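Chemist: requesting a structural model of the entry that follows:
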Amino acid sequence: MSVVQEFKEFAVKGNVIDLAVGVIIGGAFGKIVTSMVDDIIMPLVGSIFGNLDFTNLYVALGKVPEGTAPTLAALKAAGVPTLAYGNFITVAINFTILAFIIFMMVKQINRLKRETPVEPPAPVATPEDVVLLREIRDSLKR
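Modeler: Numbers count the residues shown, from 1 in each chain. Modelled structure (predicted):
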């Protein structure tokens, strides 16, 4: 079997196609969740905590040059090492929401996959010749 033919068989298997579709949909879904967290949830959480902007929560780990604006973007542009824990909080919330949604999807799929209990099949009637042979056997034992 040639390498090209092997690859063709591998590439058209159902599992590979399903995986590719899952990765594409997952990437698009991840963008939706990221937008929801960045554009809806974090502004609401920030307003609850007194107009706090999580994107600008950081600790400067180096000397800040004079005249540099006190924002994370300005510090990074100036080459100052920073610990951007606000960004980490946003990503952690993003991950938590995405993980919860995936958990709920898998739970639903598993619920749908569960088969209804199947009754055992009715016993098959014994063929007549076997019944006759058993009767003969039992007669000979007596």
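
Chemist: pull the distance from stretch 82-96 to the chain's centre.
Modeler: The chain centre lies 19 Å from the centre of stretch 82-96; the measure is C-alpha atoms, centre = their mean, to the nearest Å.

Chemist: pull the residues that contact it.
Modeler: 33-34, 37-38, 41-42, 45, 53-61, 72, 75-76 (C-beta atoms under 8 Å, 6 or more residues apart in numbering). Glycine gets a C-beta too; all of them are placed from N, C-alpha and C.

Chemist: can you flag the buried ones in those?
Modeler: Neighbour-count burial (16 or more other C-beta atoms under 10 Å) applied to the contacts of stretch 82-96 gives 33, 37-38, 42, 54-55, 57-58, 72, 75.

Chemist: tabulate these (CSV), appending distance to Arg114 and secondary structure.
Modeler: Compiled in CSV, these are given as follows (distance: C-beta to C-beta, whole Å; DSSP: H, G, I helix; E, B strand; the rest coil):
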residue, distance to Arg114, secondary structure
Val33, 28, helix
Val37, 33, helix
Asp38, 37, helix
Met42, 38, helix
Phe54, 41, helix
Thr55, 44, helix
Leu57, 45, coil
Tyr58, 48, coil
Leu72, 48, helix
Leu75, 53, helix
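
Chemist: of all the residues you listed, which two lie farthest apart?
Modeler: Val33 and Leu75 (27.7 Å; C-beta to C-beta).

Chemist: convert stretch 111-124 to CSV, retaining C-alpha atoms only.
Modeler: Coordinates of each C-alpha in stretch 111-124 appear next as CSV, following Å, rounded to 0.1, in the frame of the first residue of the first chain:
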residue,chain,number,x,y,z
ARG,A,111,-27.9,11.7,28.1
LEU,A,112,-29.1,11.4,24.5
LYS,A,113,-26.7,8.4,23.9
ARG,A,114,-28.0,6.4,26.8
GLU,A,115,-30.1,3.6,25.5
THR,A,116,-33.4,2.8,26.9
PRO,A,117,-33.4,-0.5,28.7
VAL,A,118,-34.0,-3.3,26.2
GLU,A,119,-36.0,-6.3,27.4
PRO,A,120,-34.2,-9.6,26.9
PRO,A,121,-35.5,-11.4,23.9
ALA,A,122,-38.2,-14.0,24.4
PRO,A,123,-36.8,-17.5,24.7
VAL,A,124,-36.7,-19.3,21.4
